[in-house]
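Engineer: Okay, sequence plus prediction incoming.
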Amino acid sequence: MEINKIIPLASHCLHLCSNSNIEETIFPYLMDADAFVTNNTEVWKKLFDENKIKCLIKKPDEVKQNEKIVVDGTSLANDFKKWEKLWKKQKAICIYNIDKIDPLILKDLVNFHDKMLLSINKIRMLSAKKLEKEINDLSPEIVENLVKRELRNIILFLLLSKPMSGTDLVKILYTKFRVFISPGMLYPTLHELEKRGLLKYEYKLKNKIYTVQEKEQAELLLKKHARVNSLLSEFLVSK
């Protein structure tokens, strides 16, 4: 399924990607756009020419109110709040490279947009404002305690989808739950799962890439854990 079929240019949307898929994330959206907005005009003009893409390239201050735009959000740098506020009612897809932005600005980015799509290492997660509101309505302490308590199971679930590095896991956990898991908590948890024979790793470009070694055992553990949580939830809300 093409990315631009998932989030059409019909509202103000956020798409988070990484160094490895920035171009393949941006290019499909351009088919339905009036302009591509970036402060790095020369870099993208060269890429467009190489890929035979015909799309108008504009600087942020050249955008017209009714234009449908695809935005190189990372190029906005420290001015991102200024432009995101200005484009809040614009039909726009704002694409940010999660490898190049401060994780602390992610909450602000989510709040500026109606929908969010995260696609990293072929993992794709789509969330709407309703989901973000439900998370925001919970006490941050409750969410943080839950994520930390369930960290082993969350890691297993994520790694069943796709092998990832520790850095990838930290970014996804922050994006999804607004909880920063420090390396001091993450790596001992990964090591524990490795000792139990559930995970293994290999080096790629000096990074440890973790993958699930015993998939059937991991899936069974998660199913049992989900069942226990379901029974507990039923008990807590019963009258």
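Structural biologist: Yep, it's here. Numbering: from 1, shown residues only.
Engineer: all strands of the chain, in order?
Structural biologist: Chain-ordered strands for the chain, with DSSP state E as the definition, fall at 12-17, 35-37, 57-58, 69-72, 92-97, 115-120, 123-128, 164-165, 199-204, 207-212.
Engineer: For Lys88, give me its contacts.
Structural biologist: Residues counted as contacts of Lys88 (CB atoms under 8 Å, 6 or more residues apart in numbering) are 12, 112. All C-beta spots, glycine's among them, are computed from the backbone N, C-alpha and C.
Engineer: List the contacts of Lys58.
Structural biologist: Neighbouring residues of Lys58 by CB under 8 Å, 6+ apart: 35-38, 69.
Engineer: Tell me the spacing between it and Ile95.
Structural biologist: Counting by CB to CB, to the nearest Å, the gap between Lys58 and Ile95 amounts to 15 Å.
Engineer: quick check, nearest of the contacts of Lys58 to Asp102?
Structural biologist: Asp102 has its nearest neighbour among the contacts of Lys58 in Thr38, at 19.1 Å by CB to CB.
Engineer: since we're on the nearest residue to that closest one once chain neighbours are set aside, how many residues are nearby?
Structural biologist: When the adjacent residues along the chain are set aside, Thr38 lies closest to Asp72, with 3.6 Å between them (CB to CB, 6 or more residues apart in numbering). Asp72: 22 surrounding residues under other CB atoms under 10 Å.
Engineer: what's near enough to touch Asp72?
Structural biologist: Applying CB under 8 Å, 6+ apart, one finds that Asp72 lies in contact with 26, 36-40, 44, 95.
Engineer: Return the members of these classed as buried.
Structural biologist: Neighbour-count burial (16 or more other CB atoms under 10 Å) is assigned, among the contacts of Asp72, to 26, 36-39, 44, 95.
Engineer: would you turn those residues into JSON lines with pLDDT and distance to Lys208?
Structural biologist: Supplementary listing: the buried ones among the contacts of Asp72 in JSON lines, determined by pLDDT from 0 to 100; distance: CB to CB, whole Å:
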{"residue": "Ile26", "pLDDT": "92", "distance to Lys208": "29"}
{"residue": "Phe36", "pLDDT": "97", "distance to Lys208": "36"}
{"residue": "Val37", "pLDDT": "97", "distance to Lys208": "37"}
{"residue": "Thr38", "pLDDT": "97", "distance to Lys208": "34"}
{"residue": "Asn39", "pLDDT": "97", "distance to Lys208": "35"}
{"residue": "Trp44", "pLDDT": "96", "distance to Lys208": "33"}
{"residue": "Ile95", "pLDDT": "94", "distance to Lys208": "28"}
